[in-house]
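Undergrad: Sequence and predicted structure, then a few things I'm wondering about:
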Amino acid sequence: MGKRLGAALLVVCALLAGCGAPKAPATAAAGATGGAPAPSAAETSASGLSAAQLARIPHFAPAPAPRPVTVPEGPSAGWYSAIPTDQPVAFITIDDGWTKVPEALPLLRAAHVPVTLFLEINAIKADPGYFSQLEQAGAVIEAHTITHPELKGKSYDVQKHEICGSADELGKLYGRRPVLFRPPFGDKDATTLKVVHDCGMKAAFFWKETTDKGIVRYQAGSTVKAGDILLMHFRPAFVDDFLAVLDAIAKAGLTPALLEDYIA
């Protein structure tokens, strides 16, 4: 009799939705960090990007027909932290390749902007196909050494191994040998630029702005200027970094352009 009565009470509770464990408070949905609740399925696109992320992508005017600079003749490659131009453009560059977030590909496709990837061989060798997809989405792959050492002060042969070796390997992996180079940490000396030239590349690059954890940092002033080269990395905060870079370029009234188009 007791068992029957208990079963009957369970049925009544279920019908009235008045029994069972108490619901967690609404604030628990925000997660341990206290952030906003995760977006619903309706707010997330098939690409894996949320509607809020997609809404943060600026609309840019078409890039103007490029007026490339001529790299100085001589035994050394050119060296630039910005492209000397009055055209309303800026250049997005992304280094290394260690963190391969799945959102990078749909983000590049959704943004429709050109980017240059300076890839380190050790960082990409576990999954070179990841960067093939980015290349198919419009990214251009350039060289960033094999092991990411400090080049400044090293011998010609040591620098040649890192610089030529990385360009050769990237040429084999992606069917195009790089023509541009970025030294690790942005450090270089006269030997570096000579080796870059001797390895068949045209120019090496520093930067004017850096981005990390969604924050853009400026070397001078508080806005991106025409011709500036912006640096970010393949890091866990890739989406926030990329969106921050796009926002900074848009607020400056500029349009992302392809760095390779500006080196004659």
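TA: Now that the structure is in, tell me what you want to look at.

Undergrad: what secondary structure does I94 sit in?
TA: strand (DSSP: H, G, I helix; E, B strand; the rest coil).

Undergrad: wait, it sits on P114?
TA: No. In this structure, I94 is not within contact of P114 by Cβ atoms under 8 Å, at 11.4 Å. Any C-beta I mention is one placed from the backbone N, CA and C, and that applies to glycine too.

Undergrad: Okay, the closest residue to E162 other than its chain neighbours and R182: tell me how far apart.
TA: Distances taken as Cβ to Cβ, 6 or more residues apart in numbering place T145 nearest to E162, at 4.3 Å, with adjacent residues excluded. Applying Cβ to Cβ, to the nearest Å, the value for T145 to R182 is 9 Å.

Undergrad: now the strands for the protein?
TA: 78-80, 89-96, 116-119, 140-143, 180-181, 203-205, 209-212, 215-218, 229-233, 255-256 (DSSP state E).

Undergrad: on that earlier part again, neighbour-wise, which of T145 and R182 wins?
TA: R182 (28 against 24; other Cβ atoms under 10 Å).

Undergrad: What pLDDT does the model give S47?
TA: We note a pLDDT of 70 for S47 in this prediction.

Undergrad: ok, now which ones touch P128?
TA: Shown in contact with P128 (Cβ atoms under 8 Å, 6 or more residues apart in numbering): 173-174.

Undergrad: Kindly apply the preceding question to A90 instead.
TA: Per Cβ under 8 Å, 6+ apart, neighbours of A90: 224-230, 249, 252, 254-257.

Undergrad: do you know how far it is from R177?
TA: A90 is 26 Å from R177, where distance means Cβ to Cβ.

Undergrad: Having no further points to raise, I will conclude here.
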